[in-house]
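Novice: Please work out how this folds:
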Amino acid sequence: MTAEKAQLEERNAILTHDKSQLETKLSAMTGERDELQRRLSELESHDMKTIKQHAGLHKLLVVFLGLLCAFLLAVIVGLIVTMTEDRQQLQDCQISHGNLSTTAQERELQEHELHQRFTNLAKEKSQVQSRYNQLQDEKAQLEAKCSAAAEERDELQRRITRLVNVVLDPDTAHPNLMVSHDGKQVRLGDTKQNLPYYSPKRFNTVPCILGKGGISSGKFYYEVEVRQKMCWDIGVAKESINRKGQITYKTQNGYWIVMMRGNGYFAPEFHAVPLYLKQKPERVGVFVDYEAGLVSFYDADSWYHIHSYTSASFSEKLYPFLSTCAIPNQVPLIISPVKRQC
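Specialist: Numbers count the residues shown, from 1 in each chain. Presented below is the predicted three-dimensional model:
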């Protein structure tokens, strides 16, 4: 485009030069015409006869000069038209050059945007890769936990040495809880019972109950029937747990339990960890290895592993722990006989 522009400018300069030369020639010829007219006047004043003799020549000269002027005028007009066209082409070239400049700027902007998008995508890729690696690590940890749980299950089946005969302690029960005479069943009643409300052993806010006889060594196992229940908490708790006011289920507070809420299952460690079960259990088994710091939960019918707390540090007695939740339901939680003899 720059070369074409230069050619047009050079051509314009040549035409301008030619126009100038033609105007010079026209001026010279006009002077010659005036000189001829002057000489003709002299001839007329001196010899009319000679003028008549040369009248034909005069007419031819006038015609010639007229034609020459017309020719020169046509040439000048042509030059002007050509110069106008060249000027228009030059303007068009300038406009095209401006458009190209604008297009180049737009392309630079697009390239910048593409580069920015590429940078963002690379960053997102790095974040996704980092998250993927993290998930891979978590997967490996879960697989290790599953493997450990399977080993625990096998060991539990082989080596349970103590099947605890759990009897619920009514002295620890919330006043709304109804405990059967044999201490094997508990459900939420409609009204509070007239019981020693401020007894240090009794839960006074949350409908919870402990089993009798704490465990401070060895391995033990018990099962709870949860059929038709929509809410329950089952596991073990240390002797010194808070039993008054608001209770927060966490391992650091002395609770190693599994919770069921509707169709969801959770393990309240530092926060509520969701659990994914293949089916809704009707009986839940709780296994504790005191020295190993292990608490595991199973579907007692299928022996499907639900969850395990590992590396716990027990320093005081542990008690079976149950809660019906504060949801009216006449179906009790039942301490069931262990059908599986290991």
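Novice: Nearest residue to the middle of this structure?
Specialist: Centroid check for the chain by CA atoms, centre = their mean gives residue 124 as the closest residue, at 8.4 Å.
Novice: what sits against it?
Specialist: By CB atoms under 8 Å, 6 or more residues apart in numbering, no residues touch residue 124. Backbone N, C-alpha and C define where each C-beta goes, glycine included.
Novice: in what helix or strand does it lie?
Specialist: helix 55-159 (DSSP states H and E).
Novice: So which other helices or strands are in contact with the helix or strand following that helix?
Specialist: Sequence-wise, the next helix or strand downstream of helix 55-159 (DSSP H and E) is strand 177-179. For strand 177-179, the packing partners by 3 or more CB pairs under 8 Å, 6 or more residues apart in numbering; DSSP states H and E come out as strand 185-188.
Novice: Adjacent strands (with direction) for the strand it packs on?
Specialist: strand 177-179 (antiparallel), strand 333-336 (antiparallel) (DSSP bridges).
Novice: partner strands of whichever helix or strand comes after that strand, parallel or antiparallel?
Specialist: Once the chain leaves strand 185-188, the next helix or strand it forms, by DSSP H and E, is strand 208-210. Partners of strand 208-210 in the sheet, by DSSP bridges, are strand 318-323 (antiparallel).
Novice: Figure out how far the partner strand is from the centre of its chain.
Specialist: 43 Å (CA atoms, centre = their mean, to the nearest Å).
Novice: average pLDDT for it?
Specialist: For strand 318-323, the mean pLDDT works out to 98.
Novice: One more: stretch 37-51?
Specialist: On average, stretch 37-51 scores 67.
Novice: OK, contacts around residue 90?
Specialist: Contacts of residue 90 by CB under 8 Å, 6+ apart are 5, 8-9, 12.
Novice: Which single one of those residues is nearest to residue 179?
Specialist: residue 5 (103.1 Å; CB to CB).
Novice: Surely the closest one is within a helix?
Specialist: Yes. Using DSSP: H, G, I helix; E, B strand; the rest coil, the assignment for residue 5 is a helix.
Novice: Tell me how far it lies from residue 86.
Specialist: 11 Å (CB to CB, to the nearest Å).
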